[in-house]
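Chemist: Task: produce atomic coordinates for the following.
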Amino acid sequence: MNDLADWFPGFASRHVMVEGATLFARLGGDGPPLVLLHGYPQSHVMWRRVAVELAKHFTVVLPDLRGYGASSAPDSQGGEAYAKRVMAEDVISLMRDLGFPKFRIAGHDRGGRVAYRLALDHPEHVERLATLDVTPTVEMWRGMNAARAMKIYHWLFLAQPAPLPETLIAQASQAYIDHTLASWTATNTLDCFADVLPEYRAAFADPRRIHAMCEDYRAGATLDLAADEADSAAEHKIEAPLLALWGVSGIPAAGESPLDVWRRWARDVRGQGVPGGHFLPEEAPEATSRALLDFFA
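Modeler: So this is what the prediction gives:
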């Protein structure tokens, strides 16, 4: 990995063993604990333009999810090691190791799915929850039509049985990651990733991480979907206050109002659209930081 000090000045680095994996995390600031979870196809460095500001008010914890960044990539079949329920337990173990049994949490993309699963399964640990450009997994599958399938084709592609997507991605990994990142921004460019693009590309040069990311999406099509369906059938709701942020040119904005969706899943919901596409902390860091500060403070 590159030297992360330039992105997170004053932050410490930690490696913490959890069940079946080792998580890498950055830790900085002072105040109530706030976990920031990244999404696909990135790592914790996606928070570089937001975390330093938040660390003026909170103890900010920036993990790499298992399979991503500098965390380990455990072997898996059928998504079993990458279910969001498993990843949520990773976060609890990490925070317990750091001395934080309760915390605020924000998650973007896949990290948002880990965050809301944690809030549903372990409400005693979550004080407040923010999701960034994401709605629940089962809602995404239920709303799958031609337009959505074209936009999130990777949900179906990456979930195909191994080793088909792994093999195809490895043949042109840089072209794949560059297209994926650019296509989800409001400008359809790589401009907002210029400083960290080598970091993101490096993950797609590692077959273990390509496989881990595919397993993440295989879990999304099976284990995560089943967990959501069970909660939906039981009318199980998130108890913690929830902030939903989405890019006005992002993926959830193209369907049903994200607020209406999240109000089926949580009792206390507020939120807003943010200028930009899918990658709010990198495309609109000031607006994202302000919204998170207002909510978590």
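Chemist: Checking my notes, W141 in a helix, right?
Modeler: Yes - counting by DSSP: H, G, I helix; E, B strand; the rest coil, W141 is found in a helix.
Chemist: ok, it touching L225?
Modeler: Yes - between W141 and L225 a contact is recorded at 6.0 Å, counting by CB atoms under 8 Å. (Each C-beta comes from the backbone N, C-alpha and C, glycine too.)
Chemist: Not counting its neighbours along the chain, what's nearest the most centrally placed residue in the chain?
Modeler: By CA atoms, centre = their mean, the chain has its centre lying nearest to G111, at 2.0 Å. Among residues not flanking G111 along the chain, L37 sits closest, at 2.8 Å (CB to CB, 6 or more residues apart in numbering).
Chemist: Please apply the same query to R267.
Modeler: Leaving aside its sequence neighbours, R267 sits nearest to K237 (CB to CB, 6+ apart; 5.4 Å).
Chemist: What of M46?
Modeler: H38 (4.8 Å).
Chemist: Could you do R49 as well?
Modeler: P285 (3.6 Å).
Chemist: Looks like that neighbour contacts V50 (just checking).
Modeler: Yes - P285 lies in contact with V50 (CB under 8 Å); the separation is 5.3 Å.
Chemist: and these two? which has more neighbours close in?
Modeler: V50 (25 against 20; other CB atoms under 10 Å).
Chemist: where's that one relative to S289, distance?
Modeler: Here V50 is placed at a distance of 5 Å from S289 (CB to CB, to the nearest Å).
Chemist: Please apply the same query to G28.
Modeler: For G28, the distance to S289 (CB to CB) stands at 15 Å.
Chemist: that older thread, wait, what's in contact with the residue nearest to R267?
Modeler: Applying CB atoms under 8 Å, 6 or more residues apart in numbering to K237 gives the contacts W265, A266, R267.
Chemist: For the first one, give me the backbone phi and psi.
Modeler: In this entry, W265 is assigned phi and psi values of phi -120, psi -10 (degrees, to the nearest 10).
Chemist: Which residues are in contact with it?
Modeler: Counting by CB under 8 Å, 6+ apart, W265 has contacts Y116, P136, D231, K237, I238, L242.
Chemist: Let me know the closest of the residues you listed to Y200.
Modeler: Closest approach to Y200 among the contacts of W265 (CB to CB): Y116, at 24.3 Å.
Chemist: which SS class is L181?
Modeler: Under three-state DSSP, L181 comes out as helix.
Chemist: Show me the helices in the stretch 51-200 of the chain, by range?
Modeler: Listed in chain order, the helices found in the stretch 51-200 of the chain under DSSP state H, counting those that start in this stretch are 51-54, 84-97, 110-121, 137-142, 146-151, 153-158, 164-171, 173-183, 197-203.
Chemist: hey, which of the ones you listed is tucked in deepest?
Modeler: A comparison of the helices of the stretch 51-200 of the chain by mean neighbour count, using mean count of other CB atoms under 10 Å, puts helix 110-121 on top with a mean of 27.
Chemist: hmm, back to that, please look at the residue nearest to the centre of the chain and L65 and confirm they touch.
Modeler: Yes - here G111 reaches L65: they are 6.6 Å apart, a contact under CB under 8 Å.
Chemist: Now do the shared contacts for those two.
Modeler: Joint contacts of G111 and L65 (CB under 8 Å, 6+ apart) are L37, H38.
Chemist: Could you pull up phi and psi at the nearest residue to D109 once chain neighbours are set aside?
Modeler: Setting aside the residues directly before and after it, D109 is nearest to G39 in space (CB to CB, 6+ apart), at 2.2 Å. Main-chain torsions, G39, degrees, to the nearest 10: phi -120, psi -170.
Chemist: One more: A266?
Modeler: The phi/psi pair for A266 (degrees, to the nearest 10) is phi -140, psi 150.
Chemist: Now it: closest residue in space that isn't a chain neighbour?
Modeler: Once flanking residues are discounted, A266 sits nearest to I238: 3.8 Å by CB to CB, 6+ apart.
Chemist: how about that neighbour, what does it touch?
Modeler: Taking CB under 8 Å, 6+ apart, one finds Y116, A119, L120, P123, L129, W265, A266, R267 in contact with I238.
Chemist: what's the distance between the first one and P123?
Modeler: Here Y116 is placed at a distance of 11 Å from P123 (CB to CB).
Chemist: Tell me which helix or strand comes right after the strand ranked longest in the chain.
Modeler: Scanning the chain for the longest strand, with DSSP state E as the assignment, gives strand 21-29. Downstream of strand 21-29, the first helix or strand assigned by DSSP states H and E is strand 33-37.
Chemist: which helices and strands does that next one pack with?
Modeler: helix 51-54, strand 59-63, helix 84-97, strand 103-108, helix 110-121 (3 or more CB pairs under 8 Å, 6 or more residues apart in numbering; DSSP states H and E).
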